[in-house]
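Visitor: When you get a sec, could you give me coordinates for this:
(chains A and B)
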Number of protein chains: 2
Amino acid sequence: MISSLIYLDNSSTARPSEKAVSAMMPYLTTHWGIPSTPHQKGQELYPFLAEFYKTLYAFIGAKEGAQVILTSSGTEAVNHVISSVYRDVTLSTGKNQYLTSKADEAPAIMAISHLEPFGCINKMVEVNSKGMITPQAIADCLSPRTALLSLSWANGLTGVIQPVAEIAELCRERGIRLHLEATHVLGKLLYDLEEINPDYLTFNGEQLHGPKGTGILYIREGIRCSPFIFGSADQGGMRAGALNMPGLAGIAVAAQETLECRDLLCTETARLRNEFEQKILKGFPETLICFKEQERLPHCTTLLFPGIANEALLFLLNRRGICASIGGGNFQQLALILSFSGIKEHLAHSAVSFSLSRYTTEDEIERAVSIIIDSAQLLLRLSENISRK
Amino acid sequence: MISSLIYLDNSSTARPSEKAVSAMMPYLTTHWGIPSTPHQKGQELYPFLAEFYKTLYAFIGAKEGAQVILTSSGTEAVNHVISSVYRDVTLSTGKNQYLTSKADEAPAIMAISHLEPFGCINKMVEVNSKGMITPQAIADCLSPRTALLSLSWANGLTGVIQPVAEIAELCRERGIRLHLEATHVLGKLLYDLEEINPDYLTFNGEQLHGPKGTGILYIREGIRCSPFIFGSADQGGMRAGALNMPGLAGIAVAAQETLECRDLLCTETARLRNEFEQKILKGFPETLICFKEQERLPHCTTLLFPGIANEALLFLLNRRGICASIGGGNFQQLALILSFSGIKEHLAHSAVSFSLSRYTTEDEIERAVSIIIDSAQLLLRLSENISRK
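Guide: Presented below is the predicted three-dimensional model:
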């Protein structure tokens, strides 16, 4: 059963690549030192360390003066940003309004809401019927007291990409710091970081086929950013605690591979995703594809199966060997995100998200399509039988 | 050179055990899911997860109602404690004094000092001439506004063990929360957690021969403790971010092994440490052994080499293949810690700390002794030549 599992939940977590795992091994076995110790066992790490950071700077498109910090997750990196904006902006300027969007993920929403006991105001920007956060919607929320906009660059369940260049422009004009959560975007979208020029960028290692327990915080040159974890002078004093060298190696090599596979992912994985959508639509014509006309990430899709409860479908698919998602974990519930875009409740609760990876095969897609169509038909018959009674 | 390196800096970091690394592998290769996903790939982890947590509870001596949280380091765990006491105690009661000791480590000292912008007061308890934090010294610092005492159970450089049972008793009487940092103590000391009953206990995975990027936060039953990293509901909502399953496996297996090796460490490693001290004393009679009469950890020692600068000795030893420590990283500078105990400055600056592990061999100790004696003699001759001029 396990061996034939079709894994279409790559936005939640993804299989670590063999190269990434191999890259970790020397630092778990031979070079197990930490760079903060001033003897051979620590210092022997520096050439490798320099190489891995260089890879990460290139991957992000970060300039030399920027800071790139290894964290234990994208979630920690998001918390770092929000906590440090409170310390570095709110405490000195009194600006206490924090914006995120209704389409956003749990870490930003919860980290911001936990600033409320400290006198901060949490405001969530509306998402429109296209799943988009428009610069206008943001402008409508701004006040002279806005400190930060924390935004997911794209939604990992629906794939909708936000117009971050325009949003960044607006934030610059209004003197508001901008944080982009880029976990679902990196390696899946061509972009020029300099053009967007956010103050902070964060991502998680897992979705790049890197190891669990890794994430990255990028800080633009010239942005003051306090540490989140205090203690030692590791990573230029920006994150205390002995450097997780195996984790750094793993995420750097995963990032490099992601970059090398980007064209493949943007074409071949997108082709498979489109084929997946079309074939399901053909076999189960009631299917609705969410935000199909929008600029979307190449690897994921949210489908609506009218008349079917998404929990029931997820459960049945799981029994039949397909892993998919209806939100949860770092995501808000998928139905909730969709309802914010005006999708009616009964439809929103029929939504299932599927996310592919570069490891997804044509054969898997064909098998998945057939299982999904069959499962949807079965559940629809059952629900029609119930409603007839 | 590397292969014959004699590693005596196990309080800074230690070699991951083969068993711990092997235990991580299934979760980097086959079972790479995350438990927060409600499908097979996530759910297949639960039996293993339960087993690893069970091991950790047993290792700590934690009762069922306690919480044991996997963090990314002991440093993160310390920051978690201090940040949550601010949120859970200071904000509701106004108690704003935070105590740590002058013999303490950087994470507690710095995390507390970074609460100062929020109106908190940082007070460092004096350490006496024996390297000890006495209950009386703590009582002298207490005020009705004291919220927390954060204390290193033992110093990982000098080995001095603090009288935590009496200190815990005092904290209970005075209604003060107690956090014990136990990284250097676990697996190296027999104790009964129930007898001490601290509110929080933290440790780092590395010093137990576990993987980098792991730490543990224990919270006693009945103690309210907010999360530090906000977001998903992972680990009962206590730490957001997808669970680092390879890390959990690694630290749990390392903890189990540490427990199994405790008797060996407390006898054989202590014997080697004592032999190390005695032989150096014999070959270089000027040597002073710090806090020799105190109750000390079995695996480490701080030696004073009067007339020799510790940086010079550390540098020479490193060139000759011995890794030792003069503080730094998570530690304060060793000379500073010693000066707080009244050791005169010129002596304090001659101090080097050596920490063994269960992997340290008789042969390594013999070779180390001979190199250290020779190096000390050389540096002493050089310094005497200089002072004669």
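
Visitor: now the stretch 1-150 of chain A, which segments are flagged as low pLDDT?
Guide: A:1-3 (pLDDT under 70).

Visitor: other SSEs contacting the helix or strand where residue A:254 lies?
Guide: Residue A:254 belongs to helix A:245-260 when assigned by DSSP states H and E. Contacting helix A:245-260 under the criterion 3 or more CB pairs under 8 Å, 6 or more residues apart in numbering or on different chains; DSSP states H and E are the following elements: helix A:18-29, helix A:46-60, strand A:67-71. Where you see a C-beta, it was placed from the backbone N, CA and C, and this is true even at glycine.

Visitor: how much space between the residue nearest to residue A:212 when sequence neighbours are not counted and residue A:211?
Guide: The shortest distance from residue A:212 to any non-neighbouring residue, by CB to CB, 6 or more residues apart in numbering or on different chains, is to residue B:244 (4.5 Å). As defined by CB to CB, to the nearest Å, residue B:244 lies at a distance of 8 Å from residue A:211.

Visitor: so what's residue A:313 up against?
Guide: When contacts are counted by CB atoms under 8 Å, 6 or more residues apart in numbering or on different chains, residue A:313 touches A:305, A:350, A:352, A:375-376, A:379.

Visitor: could the helices and strands packed on helix A:245-260 go into a markdown table alongside mean neighbour count and distance to chain B?
Guide: Below are the helices and strands packed on helix A:245-260 laid out as a markdown table (neighbours: other CB atoms under 10 Å in any protein chain shown; distance: least, CB to the nearest CB, whole Å):
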| stretch | mean neighbour count | distance to chain B |
| --- | --- | --- |
| helix A:18-29 | 20 | 5 |
| helix A:46-60 | 16 | 13 |
| strand A:67-71 | 23 | 8 |
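
Visitor: These: which one's closest to residue B:261?
Guide: helix A:18-29 (19.5 Å; CB to CB).

Visitor: next structured bit after that closest one?
Guide: helix A:40-43.

Visitor: coming back round to it: quick one: mark the members of the contacts of residue A:313 that sit in helices.
Guide: A:375-376, A:379 (DSSP state H).

Visitor: Compare the contacts of residue A:313 and tell me which is most surrounded.
Guide: residue A:350 (27 neighbours; other CB atoms under 10 Å in any protein chain shown).

Visitor: Now it. Its backbone dihedrals?
Guide: The phi/psi pair for residue A:350 (degrees, to the nearest 10) reads phi -110, psi 10.

Visitor: continuing past the helix holding residue A:254, what's the next helix or strand?
Guide: helix A:262-264.

Visitor: Pull out the buried residues from the helix holding residue A:254.
Guide: A:245-258 (16 or more other CB atoms under 10 Å in any protein chain shown).

Visitor: how does chain A divide up, domain by domain?
Guide: Annotated domains of chain A cover A:6-14+A:262-388, A:18-259 [automatic domain parsing].

Visitor: how far does the shortest one sit from the chain's center?
Guide: Taking the mean C-alpha point of domain A:6-14+A:262-388 and that of its whole chain, the gap between them comes to 18 Å (CA atoms, centre = their mean, to the nearest Å).

Visitor: Quick check: which element contains the residue nearest to residue A:230 when sequence neighbours are not counted?
Guide: Spatial nearest neighbour of residue A:230, excluding adjacent residues (CB to CB, 6+ apart): residue B:110 at 4.0 Å. In this assignment (DSSP H and E), residue B:110 forms part of helix B:106-113.

Visitor: hmm, the helix or strand that that helix is followed by in reach of chain A?
Guide: If you walk from helix B:106-113 toward the C-terminus, the next helix or strand you reach (DSSP H and E) is strand B:121-125. No. Under the criterion of CB under 8 Å from any CB of the partner chain, chain A is not reached by strand B:121-125; the shortest gap measures 11.9 Å.

Visitor: Mind listing residues that contact the next helix or strand after strand B:121-125?
Guide: Using DSSP H and E, the helix or strand that follows strand B:121-125 towards the C-terminus is helix B:135-141. Residues outside helix B:135-141 that contact it (CB under 8 Å, 6+ apart): B:99, B:123, B:125-128, B:149, B:163, B:166-167, B:169-170.

Visitor: Next, the contact list for the residue nearest the centre of chain A, please.
Guide: Nearest to the mean C-alpha position of chain A, counting by CA atoms, centre = their mean, stands residue A:183 at 3.2 Å. Shown here is residue A:183, whose contacts under the criterion CB under 8 Å, 6+ apart are A:74, A:156, A:202-204, A:207.

Visitor: if we can go back for a sec, turn the buried residues of helix A:245-260 into TSV, including pLDDT.
Guide: Shown next, in TSV, are the buried residues of helix A:245-260 (pLDDT from 0 to 100):
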residue	pLDDT
A:245	98
A:246	98
A:247	98
A:248	98
A:249	98
A:250	98
A:251	98
A:252	98
A:253	98
A:254	98
A:255	98
A:256	98
A:257	97
A:258	96
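
Visitor: and which of the residues you listed is nearest chain B?
Guide: Nearest to chain B, judged by CB to the nearest CB, of the buried residues of helix A:245-260 is residue A:247 at 5.1 Å.

Visitor: Skip the chain neighbours and tell me the closest residue to the closest one.
Guide: residue A:214 (4.4 Å).

Visitor: Which residues are in contact with the one you found?
Guide: A:70-73, A:204-206, A:244, A:247-248, A:250-251, B:213.

Visitor: tell me the phi and psi of residue A:208?
Guide: Torsion angles, degrees, to the nearest 10, at residue A:208: phi -100, psi 20.

Visitor: neighbours around it, how many?
Guide: Quick note: residue A:208 (other CB under 10 Å) scores 30 neighbours.

Visitor: can you list contacts of stretch A:234-242?
Guide: So stretch A:234-242 is in contact with A:34-36, A:67, A:69-71, A:80, A:219, A:225, A:227-233, A:243, B:12-13, B:72-76, B:79, B:106-107, B:110, B:204, B:206, B:212, B:215, B:329-330, going by CB under 8 Å, 6+ apart.

Visitor: now these: which count as buried?
Guide: By 16+ other CB under 10 Å, the contacts of stretch A:234-242 give A:34-36, A:67, A:69-71, A:80, A:219, A:225, A:227-232, A:243, B:12-13, B:72-76, B:79, B:106-107, B:110, B:204, B:206, B:212, B:215, B:329-330 as buried.

Visitor: re earlier: of the contacts of helix B:135-141, closest to residue A:367?
Guide: Closest to residue A:367, out of all of the contacts of helix B:135-141 and judged by CB to CB, is residue B:149, at 59.7 Å.

Visitor: isn't there a helix covering that closest one?
Guide: No. Per DSSP: H, G, I helix; E, B strand; the rest coil, residue B:149 lies outside any helix segment and is strand.

Visitor: That one: what's it in contact with?
Guide: Counting by CB under 8 Å, 6+ apart, residue B:149 has contacts B:99-100, B:125, B:138, B:167, B:171, B:176-179.
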